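Engineer: this is a predicted model, with the sequence first.
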Protein chains: 2
Amino acid sequence: MDFTKLAKQKTYKQIIEQIIDLIISGELKNGDKLPGERLLAEKLSTSRASIREAFRTLEIIGLLEVRHGGGTYVQDFQIIPFLSTIAPLFFRNMDIMGELMDFRLMLEESAVKTAAKHGKPETLEKMAAALENMKSSDPAVAERADIDFHMTIFSATGNRIFELAGEVLSYLVNTSIHTSRSRLAENGEITGRWLEDHGKILAAVMNRQPEEAGKALRGHLEGVRQYMINISAGEESA
Amino acid sequence: MDFTKLAKQKTYKQIIEQIIDLIISGELKNGDKLPGERLLAEKLSTSRASIREAFRTLEIIGLLEVRHGGGTYVQDFQIIPFLSTIAPLFFRNMDIMGELMDFRLMLEESAVKTAAKHGKPETLEKMAAALENMKSSDPAVAERADIDFHMTIFSATGNRIFELAGEVLSYLVNTSIHTSRSRLAENGEITGRWLEDHGKILAAVMNRQPEEAGKALRGHLEGVRQYMINISAGEESA
DNA sequence: AAACGTAACTGGTCTGACCTCTTACCAGTA
DNA sequence: TACTGGTAAGAGGTCAGACCAGTTACGTTT
């Protein structure tokens, strides 16, 4: 005899699925405001508690933005809220940082080669603009520009998965760099060298030299990696 | 004057952080059972509702396993619950499948080269064993073996980020293949060719020929990609 | 016109009740 | 003894309703 297991979905799971389905079908899109929790609970014949439990999940997925007193809004999928929650877990043992950098190197090298081969003019312009901003004396601006420069490399592939992976890596690496970044700004030697690195990368990409670009990027990221190792070694002794 | 904004953390966020901290510090580890929701609420001077909202987040992160009537348990970080939730969103437009396959190709090619260069004997054995199981007449066993084969390639890098990325890609690709997999089992031509592909990959890795291995893998994945395109085209007309 | 204050709305939290599932234990039965 | 079924306790799932805390809009005051 073949019996099929009875499946009873939990209420909050059903709510999650329903909202995701609405997003997929396009009935809910970026920026739309959801009904209030009370009203929504009534519409779905459920309770606020279940609605809220579902919202917590959708919130960390980055599909909902919940504003205290201001309502709940749909937004496009964001990986950052999820990342920022698990990041501390990730860096439990800092030795994973090395593996992260290795991975990023492999990924970004592949991306920069693609950028050199097929990168669109707009892309190259964005990289050039980012490089300019990196010279800013405002550390926040320079940091943002640095991140943009690398993110542009990832988007140059025209592959959204690449882009997403770049975003993830960029977030993780920069989160762990961030603390030391203010110190970095005062270190003219490092900032100067990195600026030069980025210049080389951009030049190779603009000259359509994939291998050169890859080499320049590799050199840069290995420098960054070394810097991070020194930093964390310094922090241990501090 | 520089004033710092007062930050009032939401209760459920605090609970999440506290539990993550306990996991990081090692006070909570894989398999541990958490106090019941009522007791935990009392210990933290909060309500069950807040505890449960926090649990929903930790559940989707894959840090907690909640068993109805059986208690709540800590488990190591799992990406799958999160992935399975967003997967449907991901495949909203199937054209992302192509980008996913491109990305995977790049990643796995790099991994298989590493495997050929530095793969440990145990790794090669695992690949060989997976290849054997792939010949099974039980589709479920064969599918599992196929996934294992590729996952082993990713782990061969000895890089946990690679491994995680492999897991993510494997999940996404196989989720979308899965439906057509039963059909696949009946298609002797395809399964036969794929088996042969895997044999070539393994042989190149065992012979320590990185370039060969990369080429064989590329050939295989491009075949898979073509198969998937045909499948989805077929489904559209159906 | 600008500043202020207030009321209505919306999310955040808490309480306590009840339902459902799991588990363990115990009694009955073969 | 070994299996079966019943039962009670414990734990998660759901609900209703109350109150707190930000946001927003609007009307009044200056």
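Structural biologist: Cool, got the structure. Residues are numbered from 1 along each chain as shown, chains lettered A, B, ... in the order given.

Engineer: which residues sit against the host helix or strand of A:Tyr73?
Structural biologist: A:Tyr73 is part of strand A:71-74 when elements are defined by DSSP states H and E. Strand A:71-74 is contacted from outside by A:23, A:28-34, A:36-37, A:55, A:63-67, using CB atoms under 8 Å, 6 or more residues apart in numbering or on different chains. Where you see a C-beta, it was placed from the backbone N, CA and C, and this is true even at glycine.

Engineer: next SSE after the helix or strand harbouring A:Val173?
Structural biologist: Taking DSSP H and E as the definition, one finds A:Val173 inside helix A:160-186. Using DSSP H and E, the helix or strand that follows helix A:160-186 towards the C-terminus is helix A:188-206.

Engineer: separation between the closest residue to A:Leu34 other than its chain neighbours and B:Thr72?
Structural biologist: Distances taken as CB to CB, 6 or more residues apart in numbering or on different chains put A:Thr72 closest to A:Leu34, at 4.4 Å, once the chain neighbours are dropped. The gap separating A:Thr72 from B:Thr72 is 27 Å, by CB to CB, to the nearest Å.

Engineer: quick check: A:Asp95 vs DNA strand C, distance?
Structural biologist: From A:Asp95 across to DNA strand C, the span is 36 Å (CB to the nearest atom of the strand, to the nearest Å).

Engineer: how many neighbouring residues does that residue have?
Structural biologist: 11 (other CB atoms under 10 Å in any protein chain shown).

Engineer: wait, what's in contact with it?
Structural biologist: Counting by CB under 8 Å, 6+ apart, A:Asp95 makes contact with nothing.

Engineer: now the end-to-end length of stretch A:198-215.
Structural biologist: Distance between the two ends of stretch A:198-215: 12 Å, counting by CA to CA, to the nearest Å.

Engineer: now do that stretch, average pLDDT.
Structural biologist: The average pLDDT within stretch A:198-215 is 96.

Engineer: near DNA strand D, which residues of chain A? Just list them.
Structural biologist: For chain A, the contact set with DNA strand D under CB under 7 Å from any atom of the strand comprises A:10-12, A:41, A:45-50, A:53, A:67-70.

Engineer: between the residues you listed, which has the most around it?
Structural biologist: The most crowded member of these, judged by other CB under 10 Å, is A:Glu53 (25 neighbours).

Engineer: so that residue versus B:Gln78, what's the distance?
Structural biologist: From A:Glu53 across to B:Gln78, the span is 19 Å (CB to CB).

Engineer: show the model's pLDDT score for A:Ala238.
Structural biologist: Note on A:Ala238: pLDDT of 46.

Engineer: surely A:Ile15 touches A:Arg48?
Structural biologist: No: using CB atoms under 8 Å as the test, A:Ile15 is too far from A:Arg48 to be in contact (11.3 Å).

Engineer: what are the boundaries of the strands in chain A?
Structural biologist: A:64-67, A:71-74 (DSSP state E).

Engineer: need the contact list for the residue nearest to A:Ile16 when sequence neighbours are not counted.
Structural biologist: The shortest distance from A:Ile16 to any non-neighbouring residue, by CB to CB, 6+ apart, is to A:Ala54 (4.8 Å). Listed by CB under 8 Å, 6+ apart, the contact set of A:Ala54 reads A:Tyr12, A:Lys13, A:Ile15, A:Ile16, A:Ile19, B:Arg56.

Engineer: filter those down to just the buried residues.
Structural biologist: If you count burial by 16 or more other CB atoms under 10 Å in any protein chain shown, the buried members of the contacts of A:Ala54 come out as A:Tyr12, A:Ile15, A:Ile16, A:Ile19, B:Arg56.

Engineer: and of the residues you listed, the nearest to DNA strand C?
Structural biologist: B:Arg56 (11.9 Å; CB to the nearest atom of the strand).

Engineer: the closest one contacts A:Arg56, doesn't it?
Structural biologist: Yes: counting by CB under 8 Å, A:Arg56 is a contact partner of B:Arg56 at 4.3 Å.

Engineer: who touches A:Ser155 in this structure?
Structural biologist: For A:Ser155, the contact set (CB under 8 Å, 6+ apart) comprises A:Thr123, A:Phe162, A:Glu163, A:Gly166.

Engineer: distance of the third one relative to chain B?
Structural biologist: A:Glu163 sits 9 Å away from chain B when distances are taken as CB to the nearest CB, to the nearest Å.

Engineer: burial count for the residue in chain A positioned nearest to DNA strand C?
Structural biologist: Relative to DNA strand C, the nearest point of chain A is A:Gly36 (3.3 Å; CB to the nearest atom of the strand). Counted with other CB under 10 Å, residues neighbouring A:Gly36 total 13.

Engineer: for it, give its distance to chain B.
Structural biologist: Distance, A:Gly36 to chain B, using CB to the nearest CB: 17 Å.

Engineer: what bridges to the residue nearest to A:Leu34?
Structural biologist: Counting by DSSP bridges, A:Thr72 forms beta bridges with A:Val66.

Engineer: check contacts around the spatially most central residue of chain A.
Structural biologist: Nearest to the geometric centre of chain A sits A:Glu167, at 2.7 Å (CA atoms, centre = their mean). Contacts for A:Glu167 (CB under 8 Å, 6+ apart) come out as A:Ile79, A:Ile80, A:Met151, A:Phe154.

Engineer: next one: A:Ile20
Structural biologist: A:Ile20 is in contact with A:Leu58, A:Leu63, B:Thr85, B:Pro88, B:Leu89, counting by CB under 8 Å, 6+ apart.

Engineer: if we use 7 Å, what do you get?
Structural biologist: B:Pro88, B:Leu89 (CB atoms under 7 Å, 6 or more residues apart in numbering or on different chains).

Engineer: so for it, what's the pLDDT?
Structural biologist: In this model, A:Ile20 is scored at 97, pLDDT.

Engineer: thought A:Met134 was touching A:Ala142, still the case?
Structural biologist: Yes: counting by CB atoms under 7 Å, A:Ala142 does reach A:Met134; the two are 5.3 Å apart.

Engineer: picking that back up, check whether the strand holding A:Tyr73 comes near DNA strand C.
Structural biologist: Yes: using CB under 7 Å from any atom of the strand, we find that strand A:71-74 touches DNA strand C at A:Gly71, A:Thr72.

Engineer: just the buried residues of that strand, please?
Structural biologist: In strand A:71-74, counting by 16+ other CB under 10 Å, buried: A:Thr72, A:Val74.

Engineer: quick check: mean pLDDT of that strand?
Structural biologist: Across strand A:71-74, the average pLDDT comes to 98.

Engineer: same question for stretch A:155-165.
Structural biologist: 95.

Engineer: one more: stretch A:105-116?
Structural biologist: 95.

Engineer: again, but for stretch A:37-52
Structural biologist: Averaging pLDDT along stretch A:37-52 gives 98.

Engineer: now stretch A:214-225: buried residues?
Structural biologist: Neighbour-count burial for stretch A:214-225 [16+ other CB under 10 Å]: A:Gly214, A:Lys215, A:Ala216, A:Leu217, A:Arg218, A:His220, A:Leu221, A:Val224, A:Arg225.
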